[in-house]
Structures are given as C-alpha cells and as structure tokens.
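> Based on what follows, work out the 3D shape:
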Amino acid sequence: MNIMRPLTVATLAAVISTPALAEDQQSLYLTPFAAYQLFDDKRDLSETGTFGVGLEYRFLPNWAVEAVYSRADADRKYVSGSSDFDEIRLDGTYYFAGQEEAWNPYVSLGAGHADFGDDVLAVQTAGSDHDETRVNVGAGVRYNVSDLVSIRGDLREFHGIDESTFDTQVSLGLSLAFHRTTSDPKPADADNDGVADNRDQCPGTPAGATVDSAGCELDGDNDGVADSRDECPSTPAGASVDMKGCELDGDNDGVVDSKDQCPGTTAGAEVDATGCEGVTETVETIDLRVQFPNNSSVIDDTYDAEIQKVADFMAEYPETTVEIAGHSDSTGDAAYNRDLSQRRAEAVANRLTQSLGVDADRVSAMGYGEAEPVASNDTPAGRAQNRRVEARIQVSR
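Sure, this is the predicted structure:
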C-alpha cells in the first residue's frame, strides 16, 4: 500500500493550519546540496555520497515547506554490483528564529518516494528494482551569510515503510534566496497625530498636538475645550465655559456665573466679590477655631459656641453681612484645595443659617484655597496657620 500521498497531505495540513504571524516577508530558497547516506543493513548497500536539490518556500517567519530531489549510485555490500537511488520527498520545517537572525536552527518532518534500482549484475544476483515509501524526521541549522545567500547543515533519519528500514543522511547545502515583501501598507493618517484615519474620531488636529487613543486633543478639566486652547485650565467640573475654556459671566460684572449671587446686575455697575451691586467693606474679621477631619468638611457640634460669636455680632449689628472665607495651605493640588476650602466655608455658613438663625441673605461662602496665606507654607507651623476659616463681617456703603 502506498501511503506517501496521505502522509504528504497530513504534513501540509499541519504546516498550513499554523496561525499566521504578523511578519512582512516570504522567501523562496533554491538549495543544491551534497550528502552522505548510511543505509540500513537490510538494503545490502554501502555508505555513499548523495547529491540533490531542494526548493523551499518559507511562507511565514517560522514555517516553511520544501520539495526535495536526491540521487546516488551505491555499491552493494555483500554481492558485487551497484544500485541507483532516486528519491522525491516533501518536508515541512519549523524554524526557531526569524529570517532577520543570522542563525536559524530548525526541525523538519516529511515523506517521499524512493526508487532503489539494480544494474544488470545485480539483477542476476539480487532480484528486480524496488520502490519504497520513506518518512523522515530531521534537524539542522541555516546560517544567513547575507540576505540572499545562506548555508544549511542537516541531519535526517529515514524510515522505510515497506521493509521497516532505517537510513541516516547528513547533508550540507548552499541556498540562494528570493524574497517578497507582503506587509500591509501603513494605515493612512492625514493629520499625522499617530492615530490611523479609520480610528481617528477627531480628524484635522493641529500639527504637534498631543492626542488620546481616539485621535482627539487632551482636555484635562473635561470642559470641552482642548488643553492647547484652554486659557482657564482646571475649571470646576460641570461649569459652563466659553470658547477659551473660561467660565461664563452672563452679566459681564467680572464675577463668573457659578459664584455670582446677583446675576443680571446693571451693565457697568460696581459689584462685590459675590457679584452684587454696591461697595462692600469688611469691618471685622473673626478667626473661627473650627477643626475639620482630614479631607472632610463635616463640623462637629462642639464648635457651635465658636460659630455663635459670629451670630451674636451680626445680631448686634443688623446692617452687616458676613462672608465665610475658607483657606488651605499649599500642600496637594491647588484645584482640590480650593474645592475643599469652599466646602468647609459652606459648612460653616450652613451652621450659621440653619442652626443659629442668621438670615441666609446675609451669609455667603467663598473658598480661596491656598491663594491667601497669612504665613509661610515652608514650615509646619506656617501651614497650620494657613488652614483656617474666617468670618468677614461686611457693610455695604
């Protein structure tokens, strides 16, 4: 039974079913070689030189398939005469290194058809011609002398199916390579931002702009204005901004809408820090000794007596208003410090209006963060002084 065809198909299937790798070169090697072959003792053939040529197709960085033809003229070992030897085989090869490496070791597996022919004397003494299917396994190394020339050494063991024979062959070949580039073209990137056009959600970004994975310019404060055009970085989350990334000021009084307690003031009117008309003068500042837990704006009830001093002052002077001013030291992020000081100022203001009965129209809260230090932030004592809450008693003139 000739099993060469099923074996050949199986070898090809194993090679072709291997997942493709992301490489950009296919190669064809033409390899004439010389070999020395040791035959199984059953064959009655002496060791002999063998010559041949291989045509190898390296279709993936590590995988190749090769068709090989070899022939020899071997002397008989135990009777006089000689025998011609011809073989055609197909091998699948796995390389352990890429084509760009100088040394490419490999393993190989294949099958073929061998013809052991007899001369006239051999026919008289040993019988007729003999055909046989042989499978083989081998290992070797390819050394790339250059991009076009390489040397290949190979050691291979053959198993004759019909007679259960084992033959060994060692060979040395010189290969000439023909290469073909198969890499995909570089994806188009019209604005040169490093994101291909088919994934770029913001085409036409300015040259040199830093973009995210979607090809859009970065927007650190998430206000909808890219950092490269944002003149007011770190605007509060959710604030409405203009084209420059700055908070809106609907009545153009110099106080942004998020802090304007009197929207719609008359154009050109003089306003205070809360956006209200009239000139406000601070006539008294009361330092409140209110302590907050770390990163918290929650006030303990024990501080009501401290805050009561402000309520008593305002009850005595009903024409006054108060701004609760929150301050921080310079440790940490400035935007976070401003937000925390605002929340702490609002907590004190709420205690004044909700627990201590001060009219809400007379109380405002403003967080200044680290903008108004009263001591150096370079020492622990100075930073402690800067972490404070003030009640600024004011009178409108």
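> what residue ranges in the protein score low on pLDDT?
1-24, 118-129, 182-185, 277-281, 396-397 (pLDDT under 70).
> Quickly list the domain ranges of it.
When the chain is parsed with automatic domain parsing, its domains come out as 4-181, 280-396.
> Turn those into JSON lines, columns for distance to V211 and mean neighbour count.
Placement of C-beta: from N, CA and C, glycine included. Shown next, in JSON lines, are these (distance: least, Cβ to Cβ, whole Å; neighbours: other Cβ atoms under 10 Å):
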{"stretch": "domain 4-181", "distance to V211": "24", "mean neighbour count": "16"}
{"stretch": "domain 280-396", "distance to V211": "23", "mean neighbour count": "16"}
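> Distance to D191 added to these, as TSV?
As requested, these are exported to TSV (distance: least, Cβ to Cβ, whole Å):
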stretch	distance to D191
domain 4-181	25
domain 280-396	31
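> and D212, which of those is closest to it?
The closest of these to D212 is domain 280-396. By Cβ to Cβ, the value is 20.8 Å.
> Just give me how far the closest one sits from the chain centre.
How far domain 280-396 lies from its chain's middle: 47 Å, per Cα atoms, centre = their mean, to the nearest Å.
> quick one, phi psi at the closest residue to Y317 other than its chain neighbours?
With Cβ to Cβ, 6 or more residues apart in numbering as the criterion, Y317 has its nearest non-adjacent residue at 7.5 Å, and that residue is I393. Phi and psi for I393, reported as degrees, to the nearest 10, are phi -80, psi 130.
> what's the spacing between I393 and Y303?
From I393 across to Y303, the span is 18 Å (Cβ to Cβ, to the nearest Å).
> One more: T205?
Separation of T205 from Y303 (Cβ to Cβ): 52 Å.
> for A239, same thing?
Distance from A239 to Y303, by Cβ to Cβ: 31 Å.
> so the residue nearest to Y317 makes contact with V283?
Yes. Here I393 lies in contact with V283, judged by Cβ atoms under 8 Å, at a distance of 5.6 Å.
> can you list residues touching both of those two?
When contacts are counted by Cβ atoms under 8 Å, 6 or more residues apart in numbering, the set common to I393 and V283 consists of T320.
> What residue, apart from its backbone neighbours, is nearest the residue nearest the centre of the chain spatially?
Nearest to the mean C-alpha position of the chain, by Cα atoms, centre = their mean, lies S213 at 10.0 Å. Spatial nearest neighbour of S213, excluding adjacent residues (Cβ to Cβ, 6+ apart): V195 at 7.0 Å.
> Which secondary structure element is home to the one you found?
In this assignment (DSSP states H and E), V195 forms part of neither any helix nor any strand.
> In contact with it, which residues are there?
Counted by Cβ under 8 Å, 6+ apart, V195 has contacts 189, 211, 213-215.
> which of those residues has the most neighbours?
G215 (21 neighbours; other Cβ atoms under 10 Å).
> how much space is there between that residue and D223?
19 Å.
> same deal with A334?
In terms of Cβ to Cβ, A334 sits 17 Å off from D223.
> what does L356 give?
Distance from L356 to D223, by Cβ to Cβ: 37 Å.
> ok, which stretches of the protein are helices?
4-16, 120-126, 304-316, 334-350, 380-386 (DSSP state H).
> Contacts only, for the closest residue to V256 other than its chain neighbours.
Leaving out its chain neighbours, the residue that sits closest to V256 by Cβ to Cβ, 6+ apart is E247, at 3.8 Å. Going by Cβ under 8 Å, 6+ apart, E247 touches 232, 235-236, 239-241, 256-258.
> most surrounded residue in those residues?
T235 (22 neighbours).
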